[in-house]
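Novice: Mind looking at a prediction? Sequence and model below.
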Amino acid sequence: MPKYAALIYGTEGEPRERSDPESQKVWQAYMAYTEDVQKSGILRGGEGLMPTATATTVRVKDGQVLTTDGPFAETKEQLGGFYLFECKDLDEAIAWAARIPGCQWGGSIELRPVIEM
């Protein structure tokens, strides 16, 4: 069965701008979703990511390793985490991706097939 990476994008500052009860609501929604996707048997992995301020971009130019603090590009939404699904087809992956709580709070999910090596 094919694998799909569900990349979760949102505005990085939003969780800190929410009231504490609202942040709890978001966290609980993610925990419930993760439990559901685990029970379904399609979950193959996933993690949240630290803020973009902790990122390091690595490039190699003329044999020299160059590093830059932060992400490669400035964007409105940042990659905050991912789930890795193994689904029968794209339609099943879309159905699960649409349930990721970030979608309900203004974020988006980029769904990408994984290249099997």
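Specialist: It's in.

Novice: is it true that Met50 lies in a strand?
Specialist: No - if the criterion is DSSP: H, G, I helix; E, B strand; the rest coil, then Met50 is coil and not within a strand.

Novice: where are the low-confidence patches of the protein?
Specialist: Along the chain, segments meeting pLDDT under 70 span 13-19, 72-74.

Novice: Where does Glu22 sit, in terms of helix or strand?
Specialist: Per DSSP states H and E: Glu22 is located in helix 20-40.

Novice: Give me the buried positions along that helix.
Specialist: Using 16 or more other C-beta atoms under 10 Å as the test for burial, helix 20-40 gives 26, 29-30, 33, 37. Just so you know, the C-beta spots here come from the backbone N, C-alpha and C atoms, and that holds for glycine as well.

Novice: got a list of contacts for that helix?
Specialist: 15, 18, 43, 46, 83, 85, 96, 99-101, 104-105 (C-beta atoms under 8 Å, 6 or more residues apart in numbering).

Novice: what two of these are the furthest from one another?
Specialist: Spanning the widest gap among the contacts of helix 20-40 are Arg18 and Phe85, at 27.1 Å by C-beta to C-beta.

Novice: Neighbour count for the two, which is higher?
Specialist: Between Arg18 and Phe85, counting by other C-beta atoms under 10 Å, Phe85 is the more crowded of the two (24 against 14).

Novice: still on that earlier bit, can the contacts of helix 20-40 go into a markdown table with extra columns for secondary structure and distance to Val58?
Specialist: Supplementary listing: those in a markdown table, determined by DSSP: H, G, I helix; E, B strand; the rest coil; distance: C-beta to C-beta, whole Å:
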| residue | secondary structure | distance to Val58 |
| --- | --- | --- |
| Pro15 | helix | 27 |
| Arg18 | coil | 33 |
| Leu43 | strand | 29 |
| Gly46 | strand | 23 |
| Tyr83 | strand | 25 |
| Phe85 | strand | 28 |
| Trp96 | helix | 31 |
| Arg99 | coil | 34 |
| Ile100 | coil | 28 |
| Pro101 | helix | 31 |
| Gln104 | helix | 34 |
| Trp105 | coil | 31 |
